[in-house]
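**Student:** everything below, folded, please.
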Amino acid sequence: MSARAGDDGPGAAADESRVAEKLAAVRQRMEAAARSAGRRPEELTLVGVSKRQPTERVVAALRAGLTHLGENYVQEAQEKRARIEALLGEAAPPRWHMIGGLQRNKARSALEVFDCVETVDRPALARELDKRAAAAGRRLDVLLQVNLSREEQKGGVLEEALPALLESCAALEHLCVTGLMTIPAATDDPEQSRPVFRRLRALQGELRDIPGGESLRDLSMGMSSDFEVAIQEGATLVRVGTAIFGPRQAGTA
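**Tutor:** Residues are numbered from 1 along each chain as shown. Below is the predicted model:
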């Protein structure tokens, strides 16, 4: 049975040790991938995807040095953030990334939880986030999600509509578009994702000269199965879940 949050027994200690070891292994792989591409490991940010992971595992990773967390659902993130910050006490809290699809009616709640929304894919959502950020007296970092695989069931703006979305976001005073994000089609071969990652990096360069393009410093791409290829193709943010935390638990917040 998994150790419960706050349990200081041997089961909890073993689980914490395993998470710390997995986190260290992921960091080593990231560093190797960066150096193989002639990049500095310091250019990379690891976002631990904590969706449906037990709180004690997430806290273990944070205590081992993880500083960014990614969540797919607003309600799960709300509940988890409160528990995690209570367990961390005075330790610095992580930076929270929204990495799942976001509906406009969840924008206000998202502003209460997340420091960055990586899945902006339409002007209406951008305007709603800007409105909520203005009401909260803050400026929100966002990334534009691009559906390069053109899968109908997947979120993200199509490539040809990306320039117009960027320009519309650039006019919003309370949003700062810091980069682009993509999720390639599922595959067992990481090399199959390389053209998608390469194209996202090319788009970053192509957009430099339009309003808002100068701020596109981040490329969020790569997950547990393909983050090394993503790093070789220019990723600055990689979203890694099971390689750090292990399998997700059904029904776990």
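**Student:** burial of Gly179, as a residue count?
**Tutor:** Neighbourhood size, Gly179 [other CB atoms under 10 Å]: 21. Quick note: C-beta positions are derived from backbone N, CA and C, even for glycine.
**Student:** which residues sit in contact with it?
**Tutor:** By CB atoms under 8 Å, 6 or more residues apart in numbering, the residues touching Gly179 are Leu143, Leu144, Gln204, Leu216, Arg217, Asp218, Leu219, Ser220, Thr236, Leu237.
**Student:** swap in Val157?
**Tutor:** So Val157 contacts Asp121, Arg122, Leu144, Gln145, Val146, Asn147, Leu165 (CB under 8 Å, 6+ apart).
**Student:** with Arg138 instead?
**Tutor:** Counted by CB under 8 Å, 6+ apart, Arg138 has contacts Leu111, His174.
**Student:** now do the strands in the stretch 151-253 of the chain.
**Tutor:** For the stretch 151-253 of the chain, strands defined by DSSP state E, counting those that start in this stretch occupy the ranges 175-181, 218-220, 237-240.
**Student:** nearest to Val59, out of the ones you listed?
**Tutor:** strand 237-240 (17.0 Å; CB to CB).
**Student:** what's the closest one packed up against?
**Tutor:** Helices and strands touching strand 237-240, by 3 or more CB pairs under 8 Å, 6 or more residues apart in numbering; DSSP states H and E, are strand 45-49, strand 218-220, helix 227-232.
**Student:** name the helices or strands packed onto the shortest one?
**Tutor:** Packed against strand 218-220 by the contact rule (3+ CB pairs under 8 Å, 6+ apart) you find strand 175-181, helix 194-206, strand 237-240.
**Student:** same question, the longest one
**Tutor:** Taking 3+ CB pairs under 8 Å, 6+ apart as the contact definition, the neighbouring helices and strands of helix 227-232 are helix 10-36, helix 194-206, strand 237-240.
**Student:** ok so, going back, between the strands of the stretch 151-253 of the chain, which one is nearest to Pro211?
**Tutor:** Nearest of the strands of the stretch 151-253 of the chain to Pro211, taken as CB to CB: strand 175-181 at 10.1 Å.
**Student:** list the strands paired with that closest one, with their directions.
**Tutor:** According to DSSP bridges, strand 175-181 forms sheet pairs with strand 140-145 (parallel), strand 218-220 (parallel).
**Student:** tilt between that strand and helix 194-206?
**Tutor:** Going by axes from the mean of the first three to the mean of the last three CA atoms, to 10 degrees, strand 175-181 is angled at 150 degrees with respect to helix 194-206.
**Student:** and the residue lying closest to Val196 once chain neighbours are set aside, how far from Gly89?
**Tutor:** Using CB to CB, 6 or more residues apart in numbering and skipping residues adjacent in sequence, the residue nearest Val196 is Pro184, 4.0 Å away. For Pro184, the distance to Gly89 equals 39 Å [CB to CB, to the nearest Å].
**Student:** quick one, which of these two is more surrounded?
**Tutor:** Neighbours were counted for Pro184 and for Gly89 using other CB under 10 Å; Pro184 has more, 25 against 6.
**Student:** one step back: want to try JSON lines for the helices and strands packed on strand 237-240, with mean pLDDT, distance to Val117 and mean neighbour count as columns?
**Tutor:** Shown next, in JSON lines, are these (pLDDT from 0 to 100; distance: least, CB to CB, whole Å; neighbours: other CB atoms under 10 Å):
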{"stretch": "strand 45-49", "mean pLDDT": "98", "distance to Val117": "13", "mean neighbour count": "23"}
{"stretch": "strand 218-220", "mean pLDDT": "98", "distance to Val117": "11", "mean neighbour count": "24"}
{"stretch": "helix 227-232", "mean pLDDT": "98", "distance to Val117": "20", "mean neighbour count": "24"}
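**Student:** using a markdown table, lay out these together with distance to Leu180.
**Tutor:** Supplementary listing: these in a markdown table, determined by distance: least, CB to CB, whole Å:
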| stretch | distance to Leu180 |
| --- | --- |
| strand 45-49 | 15 |
| strand 218-220 | 6 |
| helix 227-232 | 12 |
